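>>> missing the sequence, but the structure's below:
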């Protein structure tokens, strides 16, 4: 997957197009991500111990993973991602311009 939990992403389609946020949750089976503060909807809840007053709560709804791109820390713009394996055997996520985003899998020793 080109997006991981904790990444800063930019939304490239939909009502929140152009907005940025941090990834809170990734669902690889359904290809969805939840972005902090984006794609919010109201949920009507009854009074309970957890929420004694009840009412309407705003919750973040999942977005399709194809509608977000990670932000390149070097250029501060949304970028596509490719995966490379270096000479040590580590699999890394890199932006298309070669800026490393992080290490996915360390080399086995």
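The structure has been received and is ready for your questions. Predicted model only: the values in this text are computed from it and were never measured.
>>> So what sits opposite the residue nearest to the spatial centre of the chain in the bridge?
Ranked by distance to the mean C-alpha position of the chain (C-alpha atoms, centre = their mean), the top residue is residue 23 at 3.4 Å. Residue 23 has these beta-bridge partners by DSSP bridges: residue 35.
>>> I'd say residue 46 and residue 54 touch.
Yes - assessed by C-beta atoms under 8 Å, residue 46 is found in contact with residue 54 at 5.2 Å. Quick note: C-beta positions are derived from backbone N, CA and C, even for glycine.
>>> Counting neighbours, go ahead and name the busier of these two.
residue 54 (11 against 7; other C-beta atoms under 10 Å).
>>> Please look at that one and residue 43 and confirm they touch.
No - contact criterion C-beta under 8 Å: residue 54 and residue 43 do not qualify, at 11.0 Å.
>>> mind listing the strands for this protein?
Ranges of strands within the chain are 8-11, 20-27, 32-35, 40-45, 55-60, 63-64, 68-70, 81-85, 91-95, 100-105, based on DSSP state E.
>>> May I see the buried residues of the second one?
Across strand 20-27, burial judged by 16 or more other C-beta atoms under 10 Å covers 20, 21, 23, 26.
>>> Could you pull up the mean pLDDT of it?
In this model, strand 20-27 has a mean pLDDT of 94.
>>> Identify the residues contacting that strand?
Contacts to strand 20-27, defined as C-beta atoms under 8 Å, 6 or more residues apart in numbering, come from residues 1, 3-11, 32-38, 60, 62, 65, 68, 71.
>>> For residue 75, see how far away residue 23 is.
19 Å (C-beta to C-beta, to the nearest Å).
>>> ok, now residue 102?
For residue 102 relative to residue 75 (C-beta to C-beta), the value is 17 Å.
>>> low-confidence ranges in this structure?
Residues of the chain that meet the criterion pLDDT under 70 lie in 103-109.
>>> Swap in 80 and give it another go.
Within the chain, the stretches with pLDDT under 80 are 102-109.
>>> Now do the contacts for residue 17.
Going by C-beta under 8 Å, 6+ apart, the list of residues near residue 17 reads residue 11.
>>> Residue 73 and residue 99 touch, don't they?
Yes - counting by C-beta under 8 Å, residue 73 touches residue 99, with 6.8 Å between them.
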